[in-house]
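A.B. asks: sequence unavailable; structure follows:
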């Protein structure tokens, strides 16, 4: 039943091979490659420019960020080695273990 | 194929040279405008170049390229706001105006875009209903309905 339509479609001529088409596709691919290479480089250049333009502030900001990270790490270490910290960690671990055990029991029915 | 997947530009250009006729032919049946169809065919090859590494088997390249072409056409259809609702299968009023004596391309133009896509992929490209459903992302039942109704309309319009 569908043979008549298949036959009609098969009779339609296909477009002739065209070297210009191949050249245009190659051109678009080359453009895509250039964009893929240039965009990260341009973004990096803009970042450097922004750092240079706002140097005192950028320096202070990065210094503050590093200092804040150090303070946070020291505070966490002190908390973890304190009595209340160790108790909190133990409770957390026990709760986690209990939750896992119960979860497995429920999952297995 | 392998060289093209590894980024060899000349190997990919050779693939374009060999497959251009198939892709351009498919898109010309889907678009009314040959220039637009060629532009979408170029976009198809650019998208294929970007995602070629995802292709598992070289033997599947032909079918995979058709799927990319369908995806590109669907993107264009959404941008151009063509009526593409796959569930909208109601008869349109234009059907009454069509009489015998028109050619295949003109008859295809008169089909609804979703029906045209399914009919071209089924009868023109020989894809199964399942393959069309995979390529378009539409439900299998909808695809079957589009192929059956679209095919029936074409037969009616094209009968001498």
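C.D. replies: Perfect, I can see it now. Please read all numbers here as calculations on a predicted model, not as lab measurements.
A.B. asks: enumerate the residues of chain B near chain A.
C.D. replies: B:9, B:12-13, B:16-17, B:20-22, B:24-25, B:28-29, B:34, B:38, B:41-43, B:45-46, B:49-50, B:104-105, B:119-120, B:122-124, B:126, B:151, B:154-155, B:158 (C-beta under 8 Å from any C-beta of the partner chain). For the C-beta atoms, the positions are set from N, CA and C on the backbone; glycine is no exception.
A.B. asks: can you pull the buried residues of the helix or strand that contains residue A:23?
C.D. replies: Residue A:23 belongs to helix A:19-53 when elements are defined using DSSP states H and E. Buried residues in helix A:19-53, counted by 16 or more other C-beta atoms under 10 Å in any protein chain shown: A:21-22, A:24-26, A:29.
A.B. asks: stretch B:37-55 now?
C.D. replies: Within stretch B:37-55, the residues that qualify as buried are B:37-49, B:52, B:55, counting by 16+ other C-beta under 10 Å.
A.B. asks: which of the helices or strands spans the most centrally placed residue in chain B?
C.D. replies: Nearest to the mean C-alpha position of chain B, by C-alpha atoms, centre = their mean, lies residue B:70 at 4.7 Å. Assigned by DSSP H and E, residue B:70 belongs to helix B:61-79.
A.B. asks: against which helices or strands is that helix packed?
C.D. replies: Judged by 3 or more C-beta pairs under 8 Å, 6 or more residues apart in numbering or on different chains; DSSP states H and E, the packing partners of helix B:61-79 are helix B:9-30, helix B:34-51, helix B:113-119, helix B:129-136.
A.B. asks: the inter-axis angle of that helix versus helix B:9-30?
C.D. replies: On the basis of axes from the mean of the first three to the mean of the last three C-alpha atoms, to 10 degrees, helix B:61-79 is oriented at 50 degrees to helix B:9-30.
A.B. asks: next, the angle helix B:129-136 makes with helix B:61-79.
C.D. replies: With the same axes, to 10 degrees as the basis, helix B:61-79 and helix B:129-136 are set at 50 degrees to each other.
A.B. asks: what helices or strands is the helix or strand following helix B:61-79 leaning on?
C.D. replies: Sequence order places helix B:104-110 as the next helix or strand after helix B:61-79, per DSSP H and E. Counting by 3+ C-beta pairs under 8 Å, 6+ apart, the packing neighbours recorded for helix B:104-110 are helix B:113-119, helix B:140-158.
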